[in-house]
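Engineer: my questions concern the predicted model and sequence given below.
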Amino acid sequence: MAKLIGINKVKISIFISGAGSNLLNLIKHSKKRNSNYTIKIIFSDNKEAAGLEYAKKYKIPFKVLNYRNKIKAEERSLKLLNTYKVKIVCLAGYMRILSSYFIKNFKGKILNIHPSLLPKYKGLNTHYRAIKNKEKYSGCTVHFVNKKLDSGKIILQKKLKISLKENVKSLEKKILKIEHRIYPKAVEKVLINF
Ligand code: GRF
């Protein structure tokens with residue numbers, strides 16, 4: 001794909017719930033000369049999410065979604081995604097499951113990053129389960145989102161060795177590092193088809 005500049009960059013949105021290290025990483029990548037996307041709006045289901053500080057710091061519009069009414073929260077986000085002409089939604093530590101209504105009505109692509117070597121260890125507590133099962137390897141996966149949890153087509157995956165003295169914290173740290181390497185690459189890979 002030829003390099004996109006300025007207004008031609010593909011508009012994306014990031015959904016977060018917590019620390020937002022993947023968000024920060026995607027923001028930084030979007031500022032690079034060779035990046036083909038720009039982040040138009042950030043969503044969080046949690047007003048306390050530390051990652052929202054990055055939205056403020058980089059002056060990116062953000063919206064906190066009130067999930068007391070899930071349908072309304074999703075309708076709200078869909079409307080804003082449409083307003084901002086967003087073509088790709090990236091879930092980055094987003095702790096909500098998007099409904100089939102959202103998936104059907106968002107006309108772009110939805111990506112997620114998951115801290116395991118999918119299809120192994122879908123869902124929560126991936127590091128704990130991988131260590132407990134004495135896995136030799138773990139890693140992370142960027143995949144498309146479909147109606148089944150952590151089951152959409154894989155875009156990129158990166159594997160690493162679990163050391164003998166590994167604990168949940170150390171593995172989480174190592175895996176976050178490789179998440180930061182592959183998420184921007186996965187977004188750019190998807191953009192090739194735009
Ligand atoms: C990451 O490990 C991601 O794979 C998982 O949630 C974590 C989010 O971390 N879905 P952060 O908020 O991006 O720092």
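Structural biologist: Received the coordinates, thanks. Numbers count the residues shown, from 1 in each chain.

Engineer: A130 touches K136, doesn't it?
Structural biologist: No. A130 is beyond contact range of K136, at 9.6 Å (criterion: C-beta atoms under 8 Å). All C-beta atoms are positioned from the backbone trio N, CA, C, and that covers glycine.

Engineer: who's more crowded, the two?
Structural biologist: Legend: neighbour count by other C-beta atoms under 10 Å for A130 and K136, higher for A130 (24 against 9).

Engineer: neighbours around Y121, how many?
Structural biologist: Neighbours of Y121 using other C-beta under 10 Å come to 21.

Engineer: no wait, I192
Structural biologist: Per other C-beta under 10 Å, the neighbour tally for I192 reads 8.

Engineer: now it: how far from I41?
Structural biologist: For I192, the distance to I41 equals 23 Å [C-beta to C-beta, to the nearest Å].

Engineer: V64 contacts E48, doesn't it?
Structural biologist: No. Here V64 does not reach E48: they are 9.3 Å apart, not a contact under C-beta under 8 Å.

Engineer: am I right that R129 sits in a helix?
Structural biologist: Yes. Counting by DSSP: H, G, I helix; E, B strand; the rest coil, R129 falls inside a helix.

Engineer: list the contacts of it.
Structural biologist: By C-beta atoms under 8 Å, 6 or more residues apart in numbering, the contact list for R129 reads Y121.

Engineer: ok, it to the ligand distance?
Structural biologist: Counting by C-beta to the nearest ligand atom, to the nearest Å, the gap from R129 to the ligand is 14 Å.
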